Structure formats: C-alpha cells, structure tokens
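1. One predicted model, sequence on top.
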Amino acid sequence: MSEMHNVKTFHKALKDNGYLCTTDFANKVYCALDKKPMSITTLIGQAGTGKSFLPEVLGKVLNCNVHVKQAYQGMDWDEFVRKYEPDDKSTSGIKARDAEVLVAVKESKEKKVILLLDEWDKTRISSDSYFLDFLQTGRLSVGGKKYKANLDNLIIFFTSNNERDVSEPLLRRGKVIVVDHLPVSLVANVLRDKYSDNKVALNKIEPTLKLYHTCINSKMDKPATIQELCDLINDWVTYEIQNLDMNWNELVYTNVTKNDRNHIALQKAIRDESERKESGDDKLDTTLDAEYFNNKVNTSEDVAKGESFMPRMMKLRNFDTVIDYEPSEVDQDIYADVERNDESYTSAFLEAYDEDTNIDVPHFLGFNTITNDAMQRNKPYRLSTLIDEYPKFKRMIKSDGVVVFIERVASKDDVVNMIQDISDQYGNAFVRKADNDEIIFRITPDTRSNEGDINARWTKDSGCEFVVSTKVLRAFANYVAMTDWYDFREFNSDMKVGTYNTYMQPFHIKDGSLSYNSYQTIRRFGVTKDYLNINVGVGGQSYTHDDNIAEHNALVMSNEATIKQTSRTTTYDMGWAIVRSWHRKNFPNYKTNVRIKSRPPKDKSCIRSIDLIRYKLGLQRGGRGILPLFVTLDRSQFNECNDHVWKNVNGKANRKVNAKDEFNSYAIDTHEDTVFMVDPNEKTMDKIDSAFDFVDALRGMRTETLELVC
C-alpha cells in the first residue's frame, strides 16, 4: 500500500487514530487494501467488534472520504445509487440525488474513496446478485447513463453480523476478514497503560478483565467495550477513595450490561463457568458473585464434544461425507447459489446423472460445483424447466438460497402481461424501475412466513432474468404457469411428469389454429443455436410409450446412431442430432428432448434417424409433417413476405405460407418477431436438404429481405 511503507507503520497509524487491533489483524487489513483490481473486503463478526469503526479510521489514515450506506431489510437496489428528498422547487416536490454508491464511484475518478455498505446481512440474499457485476468491473447504469469507477481509487467494505450467509459469488469478489472481540491480553495492556500512574485503579484491572472475558462468552447483545470497562474502573475507584459502599451488581449493570436481558445472560455465563447452576429461570437476580471476578482469566479452556453412535459407526466404516474442495479464484457467472445439504446435493446428482454427465469427483456434478457450504451452478435454468421438471426444484425448497431462471425470448409485452396477470389475481407484482429498454420488477408471494421474493429484470437484448428465493419456488411455478408463457403447460406441485404437448405446434401453424399464447413458445424454438431444440411430452409419442417400437429397432440394427440405454434414459446420438428420452418406474419415455445440431448427411444413411425424430415429435403416424425447423428473425421480415409469393393461412392475417415443390415455409407474426417454420414436403433427402438450405439462408440473414433469399 503506497500510503504506508510497511505494516508496522500502518498498525501504528490505526492505533494513533483510536483503532486497537492485533498485529495479525493489521496485516490482513493492510493486504486487503492492496487487493487488485479493486479493494473489496467483507468484515464479519458480532456486534461491538469495531467492524464499522474500521473504515471510519481508515479514512483518517488514508486521508480520504468515507461514504456509508446503512442497509436494512427489503432495501431496493435503487436506494444504493439514488435517494429521493423533498424539494419545494421541483414540479413533483421530490428531487433525486446521488446516493452513496454513485457518489463514491464519481469521486473515485479524482481521488481515493472508501465505500462502506454497513450491516449487509440485513438485506435479502437476492440483493447479493445485483452487486456482482459492479464489484467485478466498477460499472454502473443509472437512469440510462453509464458510470465507471477508477478501480485503483475505490475501496469497498461490507460488514455482516452473520444474520444471514453472504452468497459465495459476492464473497469471492474480495477478501473476508473475521473481526473478533479484542483479546484479553490486548485489553489488559490498554488498561495498564491508561492507569499506570493510578495504583488504586491497577488493582481493579484483574477483576475487570475477568468481567470482559465472561461478557464475550455470554449471550449479551454487545459485550463490554474498553470505554465501558474504564467507566466501571473509574466508578469503582471513586467509591473506594470516598469510602462509599460499592454494590458490584449495580456497578456492572450501570456501566456494562445496561438492561435486564444482558444482565441475565452475564449471570448465566457466570453460573455455567463456575459450575453453580441453579434453577435456570430467567428471573433477574439482584446480586452478582463479586468473588467470581477475583479469579484470573483462563483462555485455554477446551470443551470436549461427544460423538453419537451413528457418526462414529460411519467413521469406522469409512463413510466419508466431507467434500474437501474450495472454489478457485477464477470468476465465473453463478446462476444458483444454494445451501449445500442432502436435498440440494441429491438434486444436483440426479440432474447430472440424467444428463449422462461423467461424475469424476464429488464436487463437480454437471454444471454444479459443490463445496461444504453451498451448491453453485454456472449455467442458468430455462424458465420453462421450472414447470417441465418441477420435482427437481421441489427438493431445493428445503434449502436456503437463490436460483436464476432465464427466458431469452420474452418480449416487453410478455413481461407486462405477466405483471398484469399476477397483480390482477394476487396484487403482489410491482414495477420498481422502467424505461424503453429495461424493466425491473418484483413479485412478492403471499406467504405467511415471508420466506423470500422474486426479483426480475427484462432488457430488450437479453430477455428476462428472474432471481428467485428457493423458499418460493412453488409459488413462482404457479405464477409462470398462470401467465401462459408456455403453451400447453399445466402445473401441479405434486406432478411427476410433464403434462405439455409441444408437438402440436406444427399442426396448429399449418391449419391456422395457433393460439396467441403459443407465440412465446415458438419464438424459443427459433432462437436456439440448433436447427431444432424441443422438449416433447408423452403425448407426442403415439401409441407406444416404451422403446419397443419399429423406429428404435431399425436404429438398433443399423449403424446410424450410437444408442445408450439405462433404466432412467435412452440416448440416440446420430452425430448431427441427439434424441434423449427420460424414464420413470411404470412410466417410460415421459419426456424427450430432440436436438438437431447440424445438417444431416445428404445420402440415405440417416433415414432411420429421421423416422425416429418424427415419431418422437408425434409426426410419424399422423402424417401431417416431415421435419419442422424453426428460425426467428426481426418482425419486419413478416411484411417482406409479399402476397405474390406468400398466401395467408386459412384467412389468418398474421400467418403466411409459401408453398414450394421441395418444402413449405410458414411465417408467423408474433408481434415483436417473425418466426419461420420450414417443413419438407416429402421424406426424401433431396427435399429435406433443400429445406435445410432455406433455413441456412434465413439464419444468415439479418439485413437482407426475404425476397432476396427466395
């Protein structure tokens, strides 16, 4: 740290400005201030340990301003960057001013500045996610304006009294320093220096140290400070010099405990340590055992902990459940941060197993990284997965944490409709900030225990992101299903299988019966990197629900696909496409994912694979489609489908069809996008290949009109 030549000088500067600490603690703070690219430190400890006082003193040591933002329950993100104050001169009577975070960011451009976010653990755990990008880059967006801090000049402190765990992603952005109460030896040195010329006071130090040590070990709201100990000694000396009767009980109450609850806690600590337990009631005694404080402090006590029969037997049988893993310092996006327990670990394990992911080590399960404290996922969940695979999330409800869901193709209309639907029925969806390009809103489930909420942000470029407390996942699933973002979905908290029939979409596009609430679903088909990526419920697989079907047997006899079968999944890997079905006891093939990654071979070596895909999509026996492929483009492309080439589908103004010899192409105006479905006319490789040619042209087109491609 350039302002101080060494730790010794830094430690002395802290002491000179009134902050007492050990050399080891000063070393940690000194190194934290030098952290790059930005100094970020979380101070964790009990009340009264000097967490908030440290940044204040550092401001004097470093000769810089300290901006303090006191956090509280339910605090909005906007309040960290903007504050609204009465103003008689403004039209609205309210004027917006920069709040502490934004003030610190602006000031850092010119000079060093300290930002203290005090008592951060009072905020909801979902608040942690809003700070992650800022802590990584120093960037802020406020009212449409962009701000960038000078990372070399901005020093950030969080403080926490451990009312809740601060999320792992936020903690990893900086250093963590545990702030303990001052050791008895340091307090002793301070008191002896202060009263070195007062023999009467020196005789009072040993009992006072015993009192201090007992306060720390008690359940007092806030143990004694050095100033309170000095006040006690001063009063004690006054009583003795003037030959007044001294009541130890009242002396301690007046200067240290100061309320009945703390006084009782101190009494209990005394009884426990001296093994003189009485009835154990909380009735306030009128006396404290003054002789107890004449005993010297023993700080080397070690309490033996017993071990029950079950853990002992597991240890004997080598059942080692400890996962010795700590995440690396490499930053990555985190989309789930959930308490690590048996429920969450089971959920991660089953998810990785069903996705056929190798589990080489116990702390990497698919996209989930497991530590002894948390389960973190580095890939977002699609919002539709919450309904399609609810049992997976049902296990998480018993774990504290936050899960992020993403819907990339949610439009502004979709978001407004969701807010309106939830508000109309429940009255608990609120817009917190909005402009043309961004909407930030909150949903507060109507639960008696107020276990959490849902914070969401929609942007034009990224769709909608939901930050959801695990405790309200069930309520959130109900909200999503109610708003009809995903057509043909039903939600039941006890369901064991998906009840949606996505395979019906191609039929409805062709016959013009596509419903309004289907638009969001088909847009999602067309924006993936794949030619087709679709989940199909059991209704899409006609007649037979097991793998004993002609299409499966034909693939087994050929070399078109690598087939892997377990009691839980069947996977067909064709190279250019992957089909995976999931099974449960007495209900095989309850769900299938069809993914076409690349173009199929032009020869006839993939006909059996196409037969299987058509069967899984429900097209094989119905005969109403060959291989539907989806592409989503800008809405303007719908108007480029001129009438001399494109015709309305059954009189529907927002659906057009262009019939060719090789394939039919359908254009659907979904109000904010145009979705094209391309379907070969016959199951021959030349017509299928032509359909892929047209899809490739659509996917590569962003500024050209559709007619240039035709």
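-> Yes, it's here. Numbers count the residues shown, from 1 in each chain.
2. wait, isn't S605 in contact with M574?
-> No - contact criterion Cβ atoms under 8 Å: S605 and M574 do not qualify, at 9.6 Å. All C-beta spots, glycine's among them, are computed from the backbone N, C-alpha and C.
3. Find residues that contact each of those two.
-> E560 (Cβ atoms under 8 Å, 6 or more residues apart in numbering).
4. okay, now T238: neighbour count?
-> Number of residues near T238 (other Cβ atoms under 10 Å) recorded here: 12.
5. N161 is in contact with Q46, isn't it?
-> Yes - at 6.5 Å, N161 counts as touching Q46 under the criterion of Cβ under 8 Å.
6. outside of the helix or strand hosting R457, which residues touch it?
-> Secondary-structure assignment from DSSP states H and E places R457 in strand 454-459. Strand 454-459 has contacts (Cβ under 8 Å, 6+ apart) with 126, 130, 410, 412, 415, 437-445, 464-469, 472, 476, 479.
7. which helices and strands sit right next to the helix or strand just after it?
-> Remark: after strand 454-459, the chain's next helix or strand is strand 463-469, criterion DSSP H and E. Contacts defined by 3 or more Cβ pairs under 8 Å, 6 or more residues apart in numbering; DSSP states H and E place strand 463-469 against strand 401-407, strand 454-459.
8. Which neighbours in the sheet does strand 463-469 have, and how are they oriented?
-> Strand pairing for strand 463-469, determined by DSSP bridges: strand 401-407 (antiparallel), strand 454-459 (antiparallel).
9. Mean neighbour count, mean pLDDT and distance to T684 for these - can I get that in a markdown table?
-> Output for those, formatted as a markdown table (neighbours: other Cβ atoms under 10 Å; pLDDT from 0 to 100; distance: least, Cβ to Cβ, whole Å):
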| stretch | mean neighbour count | mean pLDDT | distance to T684 |
| --- | --- | --- | --- |
| strand 401-407 | 22 | 86 | 37 |
| strand 454-459 | 21 | 87 | 44 |
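10. so which of these gets nearest P223?
-> strand 401-407 (31.7 Å; Cβ to Cβ).
11. Check the burial of V101 by counting its neighbours.
-> Neighbour number of V101 under other Cβ under 10 Å is 24.
12. contacting residues around the nearest residue to it once chain neighbours are set aside?
-> Sequence neighbours aside, F80 is the residue nearest to V101 in space, at 4.4 Å (criterion: Cβ to Cβ, 6 or more residues apart in numbering). Shown in contact with F80 (Cβ under 8 Å, 6+ apart): 69, 99-102, 117.
13. F80 sits in which helix or strand?
-> In this assignment (DSSP H and E), F80 forms part of helix 78-81.
14. still on that earlier bit, for V237, find the nearest of the strands paired with strand 463-469.
-> Nearest of those (Cβ to Cβ): strand 401-407, 53.8 Å.
15. what's the distance between the closest one and the middle of its chain?
-> Taking Cα atoms, centre = their mean, to the nearest Å, one finds strand 401-407 lying 7 Å from the centre of the chain it belongs to.
16. continuing past that strand, what's the next helix or strand?
-> Past strand 401-407, the next helix or strand by DSSP H and E is helix 412-426.
17. Packing partners of that next one?
-> Applying 3+ Cβ pairs under 8 Å, 6+ apart, we find helix 412-426 packed against strand 429-434, strand 438-443, strand 454-459, helix 473-482.
18. ok, so what distance separates the closest residue to N255 other than its chain neighbours from Q425?
-> Setting aside the residues directly before and after it, N255 is nearest to L232 in space (Cβ to Cβ, 6+ apart), at 4.2 Å. Between L232 and Q425 the distance is 60 Å, computed by Cβ to Cβ, to the nearest Å.
19. Now R580. Nearest residue, chain neighbours left out?
-> In space, R580 is closest to T571, 4.7 Å off (Cβ to Cβ, 6+ apart).
20. can you give me phi and psi for the one you found?
-> phi -120, psi 130 (degrees, to the nearest 10).
21. Would you check that my belief about it contacting H552 is correct?
-> No - T571 is beyond contact range of H552, at 11.9 Å (criterion: Cβ under 8 Å).
22. the more surrounded of these two?
-> For T571 and H552, the more surrounded residue by other Cβ under 10 Å is H552, and the numbers stand at 22 against 18.
23. Please enumerate the helices of the stretch 151-300 of the chain.
-> 168-172, 184-194, 199-202, 205-217, 226-241, 248-252, 260-274 (DSSP state H, counting those that start in this stretch).
24. swap in the stretch 1-150 of the chain?
-> 7-16, 23-33, 53-62, 78-81, 100-107, 127-137.
25. Would you single out the least confident of the ones you listed?
-> Of all those, helix 78-81 carries the lowest average pLDDT, namely a mean of 78.
26. returning to that earlier point: could the helices and strands packed on strand 463-469 go into TSV alongside distance to D511?
-> Shown next, in TSV, are the helices and strands packed on strand 463-469 (distance: least, Cβ to Cβ, whole Å):
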stretch	distance to D511
strand 401-407	27
strand 454-459	33
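27. To D547, which of those lies closest?
-> In terms of Cβ to Cβ, the element of the helices and strands packed on strand 463-469 nearest to D547 is strand 401-407, at 31.8 Å.
28. then the closest one to PDB, C-alphas only?
-> Presented in PDB, the C-alpha positions along strand 401-407 are these (Å, rounded to 0.1, in the frame of the first residue of the first chain):
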ATOM      1  CA  GLY A 401     -30.500 -20.000  -1.400                       C
ATOM      2  CA  VAL A 402     -31.300 -18.300  -4.700                       C
ATOM      3  CA  VAL A 403     -31.800 -19.700  -8.200                       C
ATOM      4  CA  VAL A 404     -31.700 -17.700 -11.500                       C
ATOM      5  CA  PHE A 405     -34.000 -18.500 -14.400                       C
ATOM      6  CA  ILE A 406     -33.600 -17.100 -17.900                       C
ATOM      7  CA  GLU A 407     -36.100 -16.600 -20.700                       C
END
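29. which residues sit against the helix or strand that E343 is a member of?
-> For E343, the host element (DSSP H and E) is helix 342-354. With contacts defined as Cβ under 8 Å, 6+ apart, helix 342-354 is touched by 338, 359, 365-366, 368, 370, 375, 377, 392-393, 395-396, 398-399, 401, 568-569, 582.
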